[in-house]
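Enquirer: Based on what follows, work out the 3D shape:
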Amino acid sequence: MKPLLLVDGYNVIGAWDVPRKEKLSIGEARERLVHLIADYAGYAGEEVIVVFDGHYTDRPVRSHEHVHGVEVVFTKRSESADNYIEALCASVPKWRQVRVATSDAVEQTVTLGRGAVRISSREFLIELTQVRLTGRGRMQEEKVSRGDIFSRLPPHQREIFERMRRGRE
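Expert: Below is the predicted model of the structure:
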């Protein structure tokens with residue numbers, strides 16, 4: 001089972017310079033963040049759930065949607081993203097690796113107490129950028145195609161298999 005990453009969406013947006021620099025609306029910032037996280041999830045190999053507060057809205061029920069393999073949750077009225085994330089951490093089996101991306105000190109303390117590893121919003125934004133750059137660079141170097149397993153092997157392993165195929169080993 002893949003490791004689980006829980007992201008406090010508005011907390012990460014608050015730590016992110018891009019929405020302020022580009023004068024993005026909150027909806028545009030949400031959409032861009034979700035797409036960046038979806039790209040990141042593909043390279044990182046983690047199951048990712050991004051949670052946005054519905055605490056101060058009139059939303060009567062919680063909503064879930066899937067965007068490019070990432071689950072996006074909007075909490076209901078009177079439910080904060082913190083509450084949702086904390087409850088989810090408590091319900092995940094102890095053997096599953098869980099990380100929580102937030103800079104909320106109380107949430108970090110509660111999730112740590114429930115066995116999750118915390119990462120600050122700023123650290124997560126740095127990781128998001130690094131993983132995306134590393135993953136894209138690796139794909140371009142190796143010219144990975146989705147249907148070709150051979151192209152996904154490291155170069156030294158490809159050489160070994162090529163020698164075996166030609167009968168040299």
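Enquirer: mind listing the helices for the protein?
Expert: Applying DSSP state H to the chain gives helices spanning 9-15, 18-21, 26-44, 81-91, 105-113, 121-142, 155-165.
Enquirer: Most tightly packed of these?
Expert: helix 9-15 (a mean of 20; mean count of other CB atoms under 10 Å). Every C-beta, even on glycine, is put in place using the N, C-alpha and C of the backbone.
Enquirer: how close does the closest residue in space to Gly14 that isn't next to it in sequence sit to Ala101?
Expert: Of all residues not flanking Gly14 in the chain, Ser121 sits nearest, at 7.0 Å (CB to CB, 6 or more residues apart in numbering). Between Ser121 and Ala101 the distance is 6 Å, computed by CB to CB, to the nearest Å.
Enquirer: Please apply the same query to Glu65.
Expert: Counting by CB to CB, the gap from Glu65 to Ala101 is 19 Å.
Enquirer: Give me the more crowded residue out of the two.
Expert: Set Glu65 next to Ala101 and count neighbours by other CB atoms under 10 Å: Ala101 wins out with 26 against 10.
Enquirer: Now do the same contact list for the residue nearest to that one when sequence neighbours are not counted.
Expert: Distances taken as CB to CB, 6+ apart put Phe124 closest to Ala101, at 3.9 Å, once the chain neighbours are dropped. Counting by CB atoms under 8 Å, 6 or more residues apart in numbering, Phe124 touches Val7, Val12, Ala101.
Enquirer: ditto for Asp104
Expert: Contact partners of Asp104, counting by CB under 8 Å, 6+ apart, are Asp8, Asn11, Asp82.
Enquirer: Please apply the same query to Asp39.
Expert: Asp39 neighbours (CB under 8 Å, 6+ apart): His68, Arg132.
Enquirer: Might you list the low-confidence residue ranges for this protein?
Expert: Counting by pLDDT under 70, the chain contains low-confidence ranges at 55-56, 106-114, 135-148, 150-151, 168-169.
Enquirer: again, only this time at 90
Expert: Judged against pLDDT under 90, the low-scoring parts of the chain cover residues 1-2, 27, 39-46, 54-63, 68, 77-83, 86-87, 89-98, 102-119, 128-169.
Enquirer: His68 - nearest residue in space that isn't next to it in sequence?
Expert: Among residues not flanking His68 along the chain, Ala38 sits closest, at 3.7 Å (CB to CB, 6+ apart).
Enquirer: does the one you found really touch Val67, like I thought?
Expert: Yes. Assessed by CB atoms under 8 Å, Ala38 is found in contact with Val67 at 6.0 Å.
Enquirer: on that earlier part again, I'd like the helices of the chain as TSV, with distance to Ile149 appended.
Expert: What follows is these, written out as TSV (distance: least, CB to CB, whole Å):
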stretch	distance to Ile149
helix 9-15	35
helix 18-21	37
helix 26-44	17
helix 81-91	35
helix 105-113	37
helix 121-142	12
helix 155-165	10
